[in-house]
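Colleague: Below: sequence and its predicted model.
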Amino acid sequence: MRLQIIQAGEEVLRVPARALTREEILSDKTRELIEHMRETMRHAPGVGLAAPQVGISLQLAVIEDRPEYHKRLTSEQLAERERRPIPFHVIINPRVVSSEGAHLDFFEGCLSVSGYSAMVSRARSVTVEYLDEFGETKRVDAVGWYARILQHEIDHLAGILYVDRMEARTLTTLENMERWWKDVSPSEVQSRLKVRAQR
Ligand code: ZN
């Protein structure tokens, strides 16, 4: 079953979500929610979906970056973003235990801010602890695009949207993104849109 993805302006996107208990994690209800969220994310399509985006204020998100999504990017763009396929998985009650290295600026979007994209600065690498759908503790050291996805989804669980962190001057409709900015390097985007001058 596909769920409705709610849009910015719904309060549930702006409140911190509640952690799940072990019993809840192992329940049929959660198993079904995960299945429905997987289907909803694939249909969108998106690389991540957090429970608040389907109106449920729980600390649960699904993530999957499929090879077919990479066809629209050049090999240089994939390399620059350190973007590699990520198999489907579920993160529950996650927390970022450390974030290291440089912050990188790239355009990102959100299924709950439909039709737009903006440049967001994110840590290149993060270590995240979470529970999987079996309630087992997991720890992942993520770099590149996967680290970005994790930061974006974990933000959702705290009531934060990318618009809170974006370089506001880089905001673009997806149509204009395709038309003007898709193949422009991040530093050139910032220079042409005079991002630094505003800081
Ligand atoms: Zn999002």
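Modeller: Sure thing, it's come through.
Colleague: show me where this protein has helices.
Modeller: 22-25, 28-43, 75-81, 144-157, 174-176, 186-192 (DSSP state H).
Colleague: Name the residues that touch the first one?
Modeller: So the one you mean is helix 22-25. Here helix 22-25 makes contact (C-beta atoms under 8 Å, 6 or more residues apart in numbering) with 30, 58, 92, 131, 133-135. Glycine gets a C-beta too; all of them are placed from N, C-alpha and C.
Colleague: could you redo the last one with a cut-off of 10 Å?
Modeller: Residues outside helix 22-25 that contact it (C-beta atoms under 10 Å, 6 or more residues apart in numbering): 18-19, 30-31, 33-34, 58, 60, 90, 92-93, 131-136.
Colleague: Longest strand in this protein, by number of residues?
Modeller: The longest strand of the chain (DSSP state E) is strand 86-108.
Colleague: ok, Glu35 touching Met1?
Modeller: Yes - Glu35 is within contact range of Met1, at 8.0 Å (criterion: C-beta atoms under 10 Å).
Colleague: who's more crowded, those two?
Modeller: Glu35 (12 against 7; other C-beta atoms under 10 Å).
Colleague: for His152, what are its contacts?
Modeller: Going by C-beta under 10 Å, 6+ apart, His152 touches 47-48, 50, 61, 63, 108-110, 120, 122, 160-162, 165.
Colleague: picking that back up, any of the contacts of helix 22-25 buried? List them.
Modeller: Neighbour-count burial within those applies to 19, 30, 33-34, 58, 60, 90, 92-93, 131, 133, 135; the criterion is 16 or more other C-beta atoms under 10 Å.
Colleague: what's the closest of those to Gly144?
Modeller: Nearest to Gly144 among those: Val90, at 20.6 Å, using C-beta to C-beta.
Colleague: Now do the nearest residue to the closest one once chain neighbours are set aside, the pLDDT please.
Modeller: Closest residue to Val90 apart from its sequence neighbours, by C-beta to C-beta, 6 or more residues apart in numbering: Glu133 at 4.6 Å. Confidence at Glu133, expressed as pLDDT, is 98.
Colleague: Tell me how many other residues surround the residue nearest to Arg165 when sequence neighbours are not counted.
Modeller: In this structure, Arg165 finds its nearest non-sequential neighbour in Val120, 5.2 Å apart by C-beta to C-beta, 6+ apart. Neighbouring residues of Val120 were enumerated by other C-beta under 10 Å; the total is 24.
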